[in-house]
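*Asks:* Sequence first, predicted model second:
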Amino acid sequence: MPMVKKLMLIENCIYGVDIQPIAIQICKLRFFISLTIEQTADKDKENYGIKALPNLETKFIVANTLLPLGKIETPKEETIGLFDGNITVLQKELAETRHSYFTAKTLKTKRKYRNKDKDIREQMLQTLKPTGISPEIEQSMKKVVHWDLYNQNAVSDWFDPEWMFGIKNGFDIVIGNPPYIRQEKIKQWKDNFKRDYQTFAGTADIYTYFYEKGVNLLSKNGHLCYITSNKWMRVKYGTKLRQFFKNNAGLKQIIDFEGKQIFENATVDTNILLCAKHKTVDFNYQKHLPDANNPLFTMAIHDLSDNTYTLQPPEILALKKKIETIGTPLKDWDIKIYRGVLTGFNEAFIIDTTTKNRLCQADPKSAEIIKPILRGRDIKAYEHHWAGLWIIAAFPALNLNIDDYPSVKKHLESYGKRIHQIGEKGTRKKTGNKWFETQDQIAYHEEFSKEKIVWQELQRAKFCLLSQIFLFR
């Protein structure tokens, strides 16, 4: 594609947001490279015929996409208080200044537009008249005024397409790979999510809110395409998201990579989802990428349940219904279900074979409390791949005397304060357990020596039967 067309698309059609400054810098670099390869040096021309690259600070910004700016629109009775003194005019002038900055070529010109941008924002702040304006509107307006998009090392704690990009009617296309952050690590934002998102669930991972945000950012006929974890289709915390798609968007296509690890460093099954802002009556579904073994088939939207998405060819759905009709649900079986082992400090308690042999050589009695362990990633479909790891099974339920295992005691003591369970910084979570014990009681430890089925929490349909003595975490 010629450079002039690429420039036109970048200037008028493409926008980007990420919470990590380094991601934005990498994004800009990729665009620069894409533009540079379209140019050919000519030593007979000024600057070798190489055109200046655009300034992308106004196109790609660092911000928390999930946190909205807040209320800016005002009822008619408040319009005079907020927008007299040419606030609307200043807003338009600010947008024009940022648009002009895109093609500024000299340092002097860039500095001029940056200074003008700052002056306009300061004028907006001075013009703002809080009398008669709700505190919420005033706070939002001040956020806009103080936001300096040219400082790309600073992360904005709000996102608004109108005030950041001048986009009022939504985006035609939203594409993203939302982060994989589990709910335990987003506690600082949960109150915001509960207030701002109808898909909120206390146990939901953060990517679910990106779906709602993305759909709401679409124009009337816009389309969204994400790659995320596929757990939302089947787990309880995805119920509201499934309802959201039914009521607020139209599914177009789902590619489910169940059982295939797409990202090397992410132990999670993924899906690619394409949806539209408008409603649809059916959608295409395929498992993995289409080929002779994974054909594309169509499902009706009304066949989807809020409880779970069962995405299978018609013949598989018929078989599933037959099994459910004549079979006994797992909850009605006389069996017990337990979680794996939670140590609270895997670095100390989970050891390799070399360390295990060293501890047992120093004290053969250590073998009594060192057991083989499987991690979630070691569980494959219908089989397991043991990584040669062992766990020091110092379970509180065993009521061990650590002095009976001197080599194990010495090993655990080598981690100093970090192994203690006192809740202080640099230590484990506070419990009533002894310093050398695991975080959980593991009162069901005898079950590990029995035949069992193990199931990987982060994956669907990855389980295997174990007849050997393996512990699981």
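*Replies:* All right, it came through fine. Numbers count the residues shown, from 1 in each chain.

*Asks:* now for the host helix or strand of L359, which elements pack on it?
*Replies:* Using DSSP states H and E, L359 maps to helix 353-362. If you count contacts as 3 or more C-beta pairs under 8 Å, 6 or more residues apart in numbering; DSSP states H and E, helix 353-362 packs onto strand 370-374, strand 389-392, helix 406-413. To be clear about C-beta, it is placed using only N, CA and C from the backbone, and glycine gets the same treatment.

*Asks:* Just the C-alphas of it, formatted as CSV.
*Replies:* The C-alpha coordinates for helix 353-362 follow below in CSV (Å, rounded to 0.1, in the frame of the first residue of the first chain):
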residue,chain,number,x,y,z
THR,A,353,14.2,-34.4,41.8
THR,A,354,17.7,-33.3,42.5
THR,A,355,16.7,-31.4,45.7
LYS,A,356,14.5,-34.3,46.7
ASN,A,357,17.4,-36.8,46.4
ARG,A,358,19.7,-34.4,48.3
LEU,A,359,17.2,-34.1,51.2
CYS,A,360,16.5,-37.8,51.4
GLN,A,361,20.2,-38.7,51.2
ALA,A,362,20.9,-36.4,54.2
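
*Asks:* For Q152, which of the helices and strands packed on helix 353-362 is the nearest?
*Replies:* Q152 lies closest, by C-beta to C-beta, to one member of the helices and strands packed on helix 353-362: strand 389-392, at 42.5 Å.

*Asks:* The closest one - which strands sit beside it in the sheet, and in what orientation?
*Replies:* strand 350-352 (antiparallel), strand 370-374 (antiparallel) (DSSP bridges).

*Asks:* before we move on, back to that, TSV for the helices and strands packed on helix 353-362, including mean pLDDT?
*Replies:* What follows is those, written out as TSV (pLDDT from 0 to 100):
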stretch	mean pLDDT
strand 370-374	93
strand 389-392	95
helix 406-413	96
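
*Asks:* Which one, of the ones you listed, ends up nearest to A154?
*Replies:* Judging those by C-beta to C-beta, what sits closest to A154 is strand 389-392, at 42.5 Å.

*Asks:* can you give me the helices in this protein?
*Replies:* 3-12, 21-36, 76-83, 87-101, 107-127, 135-146, 161-165, 190-196, 207-216, 239-248, 314-326, 346-349, 353-362, 406-413 (DSSP state H).

*Asks:* Tabulate the helices and strands packed on helix 353-362 in a markdown table, adding columns for mean neighbour count.
*Replies:* Formatted as a markdown table, the helices and strands packed on helix 353-362 follow (neighbours: other C-beta atoms under 10 Å):
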| stretch | mean neighbour count |
| --- | --- |
| strand 370-374 | 21 |
| strand 389-392 | 22 |
| helix 406-413 | 17 |
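
*Asks:* wait, which of those is closest to K116?
*Replies:* K116 sits nearest to strand 389-392 of all the helices and strands packed on helix 353-362, at 61.0 Å, using C-beta to C-beta.

*Asks:* what does the closest one contact?
*Replies:* 341, 343, 348-353, 355-356, 369-373, 375, 408, 411-412, 471, 473 (C-beta atoms under 8 Å, 6 or more residues apart in numbering).

*Asks:* one more time with 7 Å
*Replies:* 341, 349-353, 356, 369-373, 408, 471 (C-beta atoms under 7 Å, 6 or more residues apart in numbering).

*Asks:* C-alpha coordinates for it, CSV please?
*Replies:* Output of strand 389-392 as CSV, limited to C-alpha atoms (Å, rounded to 0.1, in the frame of the first residue of the first chain):
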residue,chain,number,x,y,z
LEU,A,389,8.5,-32.3,40.7
TRP,A,390,7.9,-33.1,44.4
ILE,A,391,6.0,-31.4,47.2
ILE,A,392,7.1,-31.3,50.9
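
*Asks:* circling back: and the helices of the chain, which is most packed in?
*Replies:* helix 207-216 (a mean of 22; mean count of other C-beta atoms under 10 Å).

*Asks:* what's the angle between that helix and helix 239-248?
*Replies:* 10 degrees (axes from the mean of the first three to the mean of the last three C-alpha atoms, to 10 degrees).

*Asks:* returning to that earlier point: can you list the contacts of strand 389-392 in TSV and add distance to D256?
*Replies:* Output for the contacts of strand 389-392, formatted as TSV (distance: C-beta to C-beta, whole Å):
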residue	distance to D256
V341	31
F349	36
I350	32
I351	37
D352	35
T353	37
K356	39
I369	42
I370	40
K371	36
P372	33
I373	30
V408	45
L471	31
